[in-house]
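> generate a structure from the sequence data that follows.
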Amino acid sequence: MNKEEARQLLETTVRELRARSRSELEQLLDAPEVSTVQGRSGVTYQIEKEAVWDDRKGHDLRIMVLIDDGGWRALSPMAESFIVAPDGSFVGE
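The predicted structure is shown next:
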């Protein structure tokens, strides 16, 4: 896996998710999104986007994005996460 390429794809995906509304992000609770994307290098990556309640239902929502190339890295994918408060603000920023 090209770590720099994967990091760029991961950061792009996180930016796209951060632009969504809280209610749109809550849809990831019951239906994580999984997609594949081909990097400039020709490597195909799998990107998983999911949400979990960070503390308790209805409060802070943790959004996680994971990326791997299907190889050994699938056992320990590159990941990034952020937390959205009930009012739509980002926690810890």
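> secondary structure element for the residue most central in space within the chain?
Taking CA atoms, centre = their mean, the centroid of the chain lies closest to residue 65, which sits 1.9 Å from it. According to DSSP states H and E, residue 65 maps onto strand 61-68.
> how near is the residue nearest to the centre of the chain to residue 35?
With distances taken as CB to CB, to the nearest Å, residue 65 is found 11 Å from residue 35. C-beta: built from backbone N, CA, C; applies to glycine.
> could you point out the helix or strand that follows the helix ranked longest in the chain?
Secondary structure of the chain per DSSP state H: the longest helix is helix 3-18. Using DSSP H and E, the helix or strand that directly follows helix 3-18 along the chain is helix 22-26.
> what about that following helix, average pLDDT?
For helix 22-26, the mean pLDDT works out to 96.
> what does it contact?
17, 51, 61, 63, 84, 86, 88 (CB atoms under 8 Å, 6 or more residues apart in numbering).
> in a markdown table: these, plus distance to residue 8 and pLDDT.
Formatted as a markdown table, these follow (distance: CB to CB, whole Å; pLDDT from 0 to 100):
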| residue | distance to residue 8 | pLDDT |
| --- | --- | --- |
| 17 | 15 | 98 |
| 51 | 23 | 97 |
| 61 | 25 | 97 |
| 63 | 19 | 98 |
| 84 | 23 | 97 |
| 86 | 31 | 95 |
| 88 | 26 | 94 |
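> perfect, I'm done here.
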